[in-house]
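**Student:** Build me a structure from this.
(one chain, ligands or ions: 1)
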Amino acid sequence: MEGPGLTPKGADQRRQRAWRRHADRYGAASTYEGWRLVHQRYLADQLAEALDLAQSLGAGQAALGLSLYRLVEAEALTRQLAHRESVRPWLMLETIHEELTVTPDELTRWVLSACDEVAAKLQWTHGPPVLFTLFAEAANTPWTPDRHGFCVDKVPYTKICLPWYLQSQPEEFAEAVRHEYTHVVMLHLGQGRVPRWLDEAAAMTLGGQLEEAALRRFIRHRESWLDPDELDDAYHEDREDREGARVVSAAYQQSAWLGRWLAQRYDVAGFGELARRCAPAGFLSELRLRIAGQDPADRALRQTLRRSMTQVFGDARDALVNRNVPDGS
Ligand SMILES: [Zn+2]
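**Tutor:** Just a heads-up that it's a prediction; the model follows:
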């Protein structure tokens with residue numbers, strides 16, 4: 001439930017790298033430059049401007065502009081219809097009142113309660129601005145990337161988008177807000193350096209989204225347990241593709257189990273501590289990290305649990321296998 005859908009997947013990623021190399025060598029092709037501007041405006045949440053520009057560009061080289069176009073379209077459509085209200089100095093809500101099935105006050109209470117729960121568990125003080133957007137019903141289309149919810153770091157706020165239909169499922173709504181707000185906290189504490197597997201481990205744990213059936217599959221198919229780099233890569237698979245969707249779903253569940261294991265070992269507040277230790281830590285410390293070729297998360301785990309990242313993955317897998325979960329899937 002994360003990611004603004006801007007990262008090309010697999011073969012697309014390779015094509016885009018080739019395209020970028022070509023553009024860098026021979027001067028940026030106008031379409032490349034155009035889509036870069038769309039992305040800049042998207043990240044500034046200037047949605048009408050981003051949409052105007054995207055519509056003038058067509059599909060983009062190898063149709064790679066389409067997923068960004070569809071994302072901009074969904075957010076811009078919502079912006080046109082929505083009402084924006086500041087409910088706390090750090091929190092603004094963007095909702096379409098005519099499409100709400102609960103009162104705006106009730107929805108606000110749900111969002112605040114879920115965010116407060118995350119803040120209390122991660123020992124976080126609300127502060128950096130957040131825009132919470134409930135997508136328009138019309139944006140809930142099969143072609144809207146990540147339409148089930150995501151968090152994206154924009155300027156001047158981090159934006160959380162959740163789908164319209166979640167308001168009729170209060171428990172899932174709260175889970176989704178806790179999940180996405182955990183990403184906000186981890187982003188700020190780690191200053192953008194928390195690896196995806198750990199970010200999702202924290203979000204899945206705070207969201208409460210571990211599936212027992214998925215764990216049984218890890219026990220039956222031990223080769224499906226990925227190492228840290230493989231797990232980070234797995235999140236970039238194409239979710240629209242059947243096999244890609246399976247890989248991404250398994251990646252979330254592996255992170256969820258890693259999160260549960262870390263929380264049991266280290267307390268839920270430990271995610272905040274790990275994120276803080278992933279952040280840049282002064283010139284000499286960063287120099288040592290670079291010279292050693294060490295990953296910030298590896299350093300954080302060694303400092304706190306006295307275990308390397310690879311050892312943590314091995315320990316968590318062993319704990320899962322030895323758990324002897326009854327087979328019922
Ligand atoms: Zn997530």
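
**Student:** Spit out the contact partners of the residue of the stretch 51-200 of the chain found nearest the ion.
**Tutor:** Per CB to the ion, Glu200 is where the stretch 51-200 of the chain lies closest to the ion, at 4.9 Å. The C-beta positions use only the backbone N, C-alpha and C, and glycine is treated the same way. By CB atoms under 8 Å, 6 or more residues apart in numbering, the contact set of Glu200 is Glu2, Tyr235, Ala251, Tyr252, Ser255, Ala256, Gly259.

**Student:** right, and the fourth one touches Ala203 too?
**Tutor:** No: counting by CB atoms under 8 Å, Tyr252 sits too far from Ala203 to count as a contact (9.1 Å).

**Student:** the more surrounded of those two?
**Tutor:** Ala203 (29 against 21; other CB atoms under 10 Å).

**Student:** Confirm that one sits in a helix?
**Tutor:** Yes: the assignment for Ala203 is a helix, going by DSSP: H, G, I helix; E, B strand; the rest coil.

**Student:** I'd like the average pLDDT over stretch 153-169.
**Tutor:** Computed over stretch 153-169, the mean pLDDT rounds to 96.

**Student:** hmm, it touching the ion?
**Tutor:** No: interface with the ion: stretch 153-169 contributes nothing (CB under 5 Å from the ion), its closest point being 10.6 Å away.

**Student:** Give me the buried positions along that stretch.
**Tutor:** Residues Lys154, Tyr157, Thr158, Lys159, Ile160, Cys161, Leu162, Pro163, Trp164, Tyr165, Leu166, Gln167 are the ones in stretch 153-169 that count as buried (16 or more other CB atoms under 10 Å).

**Student:** which among the residues you listed gets closest to Glu175?
**Tutor:** Leu166 (9.2 Å; CB to CB).

**Student:** is the ion contacted by the longest helix seen in the chain?
**Tutor:** Looking across the chain with DSSP state H, the single longest helix is helix 242-266. No: Helix 242-266 lies apart from the ion when judged by CB under 5 Å from the ion; the minimum separation is 7.4 Å.

**Student:** So Leu131: helix, strand or coil?
**Tutor:** Leu131 is classified as strand under three-state DSSP.

**Student:** wait, what's in contact with it?
**Tutor:** Contacts for Leu131 (CB under 8 Å, 6+ apart) come out as Asp45, Arg84, Met92, Glu94, Lys154, Tyr157, Thr158, Lys159, Ile160.
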